[in-house]
Structure formats: structure tokens, C-alpha cells
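Peer 1: Take a look and give me a structure for this.
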Amino acid sequence: MTQLLSEIAREKNLRYFLISFTDLFGVQRAKLVPTAAIDGMAADGAGFAGFAAWLNMTPADPDIFAIPDVNSLFPLPWQPEIGWMPADLYMNGEPVAQAPRYVLKQSLSQAEALGYRIKTGVECEYFLLSAAGDEISDLGDRASKPCYDQQALMRRFDIIAEICDAMLAMGWGAYQNDHEDANGQFEMNWMYADALVTADRHAFFKYMVKAIAEKHGFRATFMPKPFPHLTGNGCHTHLSVWDLAGNTNLFDDPAGELGLSSLAYQFIGGVLHSAEALCALTNPTVNSYKRINAPVTSSGATWSPNTISYTGNNRTHMIRIPEAGRFEFRLADGSANPYLLPAALIASGLDGVTQKRDPGQRSDNNAYTDPLPLDAVKRLPTNLLDALRCLQENTILSESLGGEFIRSYIKLKQQEWNDYSAHISAWETENTLNC
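Peer 2: Numbering: from 1, shown residues only. Sure thing, here's the model as predicted:
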């Protein structure tokens, strides 16, 4: 019998619970529930007006109810009297088809039906900014190649250690922290896990980093490209496919090229096949395309791809094979929805497996200094609108992730693009005022 949340609250000295869900734009929504009411909320769900979030609903729609996942409880390390719980959304007793966590669970069910268990890991890069968010928090962090800078890393030890200690206490298997390639940019790494576990941790990590940064008087951002001259925030995703018991890595093949099985290469083939449409989900903001297609930064490299290509242990392509048994998807950025990112990868990869898609010959060139000709490799979309059009034309993702989700997502993102297009920037004024 499942233990009541009120009993868990007494054991862990919890006074409140945050029942949280992530909407289509990656915004986390929540209600703060006292322990005295939590058992009823766990059974019936916390009520929300769906129109108030980015879910493509209207004020006339019935309430949605967020039922927390009792197996995913995260006591806030910086406020241990509060527990955070990801929730699944229901309307009229049915799952909300466009809810990102539900979309991921559907992808995982499709993988399970084929006999597969998906494991993922993420590398979430972020900037620590001033409280106002207009500059990096450490004005002494000015090196042209700041990656792994020991002095700059240790000047932010208090924040980084607090985040890492929290991950260790929660059992995530945190194993390293570093200063990244841009001034003011950092990354923490923790162990891979089942895809839903990683997605929940990813969502919580973004909340935790922002909250702890605020506690120390700073602001954290996962924005893909906050500064034009600096490397942007990636969200590199590592993926492997296992048997249902989770004991055997089906991507691992000592006899295969670079240690990967034919299953792994078919999966990669599927990701490459749908890459242009994937962009709309893994790089979901207007700003995303200023990271993908950025000119060389002050460090000498953007560290982000702009071609649909895969390689071995080479960081200039969209997919990297760093070692046997897994691949790294380097396209996604910090604005990616923690649930839609793996869902889209799984959907496209499973299509590659079922259709036995051949990824072709890998590319081992330095894509930054020695790019392949356009007739040899396809380019990624250069803006959000083009990516949305590719998503709209892609039947693979629509059939796998659900038509209702795809329609809702494209509708809301098209509105976002229209809002952006209606904005007149300083660049336009400067370059066009005298026409």
C-alpha cells in the first residue's frame, strides 16, 4: 500500500508541498499546499484554470487537475520544510494530451511496447548574472578563454557547492562542476537515469539553480544566447536504449563501429531524419537560433552545431559519439522543455529503429573551420518560424507525440513568433530610420 503523503510529511518534517507542472513553454506552474490538505490533493489533484498557463486552452474550458507523482518528491534543500512534486494533468478525468509530462510518458510507453527502456542524462549550462540580469555576476571573469577557469569557478564556490550538495543529498550522483566556455557560465553534471527521472530532475534543477542564485543575491538564466559575444547555453543530452529490465545496454556493441550497435545507428538515423522538425522542440525560442547560427565568439568557438550531421568524439557536429554505448545530442539549448526534449528525441529515434534508417557515413571534419559543402550536408533551420514549418510538415512526430499536442504547440509558438515579428528592435531603427 502506498504511504500517505501526510505520513511522509511527518517523517521528513514537511509543512508544505509544491504541486508543480510544466507547461508547453517550459514555465513551471504550482500551488502551495499545506500538509493538512495534501492527502486529498494527492487523490483528487490540485485545480488550475488551464487558460492561465501555456496549454492552448480557453476560459470556457473546465478546470484541469494536477495529480502529483508520489514517487517523485523533492524536499527543497534550501527550504527543507517544503516538498516539490511534479504532477500529471487531467481534465474531465482524462489526461491532458498536450501536457509535456504526459507527452514524454507516451513516448516511453511506445518504447516499452518495442521492448526498450530509455535512459538519458543532461548537461544544463547556465549564466550567473547580477540581480538586475543586465551583466554577469563576476566582473572579474574576463578571460577570453574562461572554460575551466579555476579562479572564476572558486569565486562562485558558495553557490555551486550549495547546488552540488543538494544534488548529492537527493541521490542524483552529482560528480563534477565547472566554469563553462562563456564568462559567467557554469555547469553541474549528475548521473544518467531513466528518462522520466532525468526529466523530473531537469525541471527541478532549473528551479533550484534560480532559487539558490536569488538567495545569494544573483540571477541565474538558461537563456540560449543572453550575450552576442559569448557562448550560449546548451543542454546536451546523452541517450541510450536498454532492455526492459534496465540491465543490458542495447546500444553497446564491442564489435560495432565506435562501440555502437546497429540499433544505435538506426536510432541516430531517425534523429537525423527529423532534425529540422526536432529544432522546434529542442530549440523552442526566437533566441535559440542566435546560438545555433552564431558567429565565432570571444572564446574562438560557439560549441553549437549548425548542420544535420553526426561524428565520433568531435564537438562540432549535432550528434557526437563520445564512447561506446551512447550518443550525445548537442543541438538542444537551455530553453528546451525538460519533458519535450527527451520525448522528441525518443519519437524520432524509434522511427529510425522501426524504419531501419541508415545515418550514412559519419563526418569527422571540424565543422567550424572546414565545413562540408551544402550538397553534402543539410543545414539546421535559421529561425523559429522555419523550424515550426518543418514540425508542421513532419508526420513522424505528429503521429508519435500526438496531433493535439503538435497543433497546440505550433499554434502557441506561432503566436510567439508573431509577437516577436511585431517588435521593432534598436537594430532596425539604427539601420532603417534614414531610408
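
Peer 1: all helices for the protein, in order.
Peer 2: 5-12, 38-44, 100-113, 150-155, 157-169, 195-215, 262-273, 275-282, 289-292, 340-354, 384-393, 395-401, 403-422, 426-432 (DSSP state H).

Peer 1: Let's have these in CSV, adding mean neighbour count.
Peer 2: Any C-beta I mention is one placed from the backbone N, CA and C, and that applies to glycine too. Putting the helices of the chain into CSV (neighbours: other Cβ atoms under 10 Å) gives the following:
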stretch, mean neighbour count
helix 5-12, 15
helix 38-44, 16
helix 100-113, 20
helix 150-155, 14
helix 157-169, 17
helix 195-215, 21
helix 262-273, 24
helix 275-282, 26
helix 289-292, 23
helix 340-354, 26
helix 384-393, 19
helix 395-401, 19
helix 403-422, 16
helix 426-432, 9
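
Peer 1: Which one, of these, ends up nearest to residue 18?
Peer 2: Closest to residue 18 of the helices of the chain, according to Cβ to Cβ: helix 195-215, at 8.9 Å.

Peer 1: Average pLDDT for that closest one, rounded please.
Peer 2: Averaged over helix 195-215, pLDDT sits at 98.

Peer 1: Only alpha carbons, please: show that helix as CSV.
Peer 2: Extracted as CSV, the C-alpha positions of helix 195-215 are listed here (Å, rounded to 0.1, in the frame of the first residue of the first chain):
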residue,chain,number,x,y,z
ALA,A,195,14.3,9.3,-19.0
LEU,A,196,11.3,10.3,-16.8
VAL,A,197,13.5,10.5,-13.7
THR,A,198,16.0,12.7,-15.6
ALA,A,199,13.3,14.9,-16.9
ASP,A,200,11.8,15.5,-13.4
ARG,A,201,15.3,16.2,-12.1
HIS,A,202,16.0,18.6,-15.0
ALA,A,203,12.8,20.5,-14.3
PHE,A,204,13.7,20.7,-10.6
PHE,A,205,17.3,21.6,-11.3
LYS,A,206,16.3,24.7,-13.3
TYR,A,207,14.0,25.8,-10.4
MET,A,208,16.7,25.0,-7.8
VAL,A,209,19.5,26.9,-9.6
LYS,A,210,17.4,30.0,-10.0
ALA,A,211,16.2,29.9,-6.4
ILE,A,212,19.7,29.4,-4.9
ALA,A,213,21.1,32.1,-7.1
GLU,A,214,18.4,34.5,-5.8
LYS,A,215,19.2,33.5,-2.3
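
Peer 1: quick one: that helix to chain centroid distance?
Peer 2: When distances are taken as Cα atoms, centre = their mean, to the nearest Å, helix 195-215 is centred 11 Å away from the chain's centroid.

Peer 1: measure the nearest residue to residue 281 once chain neighbours are set aside to residue 157 for me?
Peer 2: Distances taken as Cβ to Cβ, 6 or more residues apart in numbering put residue 344 closest to residue 281, at 4.2 Å, once the chain neighbours are dropped. Distance, residue 344 to residue 157, by Cβ to Cβ, to the nearest Å: 36 Å.

Peer 1: What of residue 38?
Peer 2: Counting by Cβ to Cβ - residue 38 and residue 157 are separated by 36 Å.

Peer 1: ok, now residue 328?
Peer 2: 28 Å.

Peer 1: Please apply the same query to residue 433.
Peer 2: For residue 433, the distance to residue 157 (Cβ to Cβ) stands at 48 Å.

Peer 1: now swap in residue 22 and tell me
Peer 2: In this view, residue 22 and residue 157 are 30 Å apart by Cβ to Cβ.

Peer 1: Relative to residue 313, which of the helices of the chain is closest?
Peer 2: Nearest of the helices of the chain (Cβ to Cβ): helix 262-273, 14.7 Å.

Peer 1: contact partners of the closest one?
Peer 2: Identification of contacts with helix 262-273 by Cβ atoms under 8 Å, 6 or more residues apart in numbering yields 239-241, 250-251, 253, 256-257, 278, 308-310, 318-319, 327, 329, 345, 348-353, 355-360, 396.

Peer 1: Quick one: closest of the helices of the chain to residue 63.
Peer 2: Using Cβ to Cβ, the helices of the chain put helix 38-44 closest to residue 63, at 11.0 Å.

Peer 1: roughly how far out does that closest one sit from the chain middle?
Peer 2: That offset, for helix 38-44, works out to 29 Å (Cα atoms, centre = their mean).

Peer 1: And stretch 376-391, by the same measure?
Peer 2: Offset of stretch 376-391 from its chain centre (Cα atoms, centre = their mean): 19 Å.

Peer 1: what are the ranges of the strands in the stretch 1-150 of the chain?
Peer 2: Listed in chain order, the strands of the stretch 1-150 of the chain (DSSP state E, counting those that start in this stretch) span 16-22, 28-34, 46-48, 64-68, 74-76, 79-91, 94-95, 117-129.

Peer 1: got TSV for those, with mean neighbour count, mean pLDDT and distance to residue 139 too?
Peer 2: Shown next, in TSV, are the strands of the stretch 1-150 of the chain (neighbours: other Cβ atoms under 10 Å; pLDDT from 0 to 100; distance: least, Cβ to Cβ, whole Å):
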stretch	mean neighbour count	mean pLDDT	distance to residue 139
strand 16-22	24	98	34
strand 28-34	16	98	30
strand 46-48	20	97	42
strand 64-68	22	98	42
strand 74-76	20	96	30
strand 79-91	20	98	30
strand 94-95	12	98	48
strand 117-129	22	98	11
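
Peer 1: possible to save the ones you listed as CSV with distance to residue 102?
Peer 2: Below are the strands of the stretch 1-150 of the chain laid out as CSV (distance: least, Cβ to Cβ, whole Å):
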stretch, distance to residue 102
strand 16-22, 10
strand 28-34, 15
strand 46-48, 15
strand 64-68, 11
strand 74-76, 20
strand 79-91, 6
strand 94-95, 5
strand 117-129, 16
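
Peer 1: So which of the ones you listed is nearest residue 204?
Peer 2: Evaluated over the strands of the stretch 1-150 of the chain, closeness to residue 204 peaks at strand 74-76, with 5.1 Å, by Cβ to Cβ.

Peer 1: and the closest one, which strands flank it?
Peer 2: With DSSP bridges as the test, strand 74-76 is paired with strand 79-91 (antiparallel).

Peer 1: so where's this protein shaky on pLDDT?
Peer 2: 1 (pLDDT under 70).

Peer 1: for residue 278, what are its contacts?
Peer 2: 271, 331, 344-345, 348, 397 are the contacts of residue 278 under Cβ under 8 Å, 6+ apart.

Peer 1: repeat that with 10 Å
Peer 2: Contacts of residue 278 were listed using Cβ atoms under 10 Å, 6 or more residues apart in numbering, and they are 271-272, 308, 318, 329, 331-332, 341, 344-345, 347-348, 380-381, 387, 390-391, 394, 397.

Peer 1: what's the answer for residue 193, then?
Peer 2: Contacts of residue 193 by Cβ under 10 Å, 6+ apart are 119-121, 172-173, 199-201, 246.
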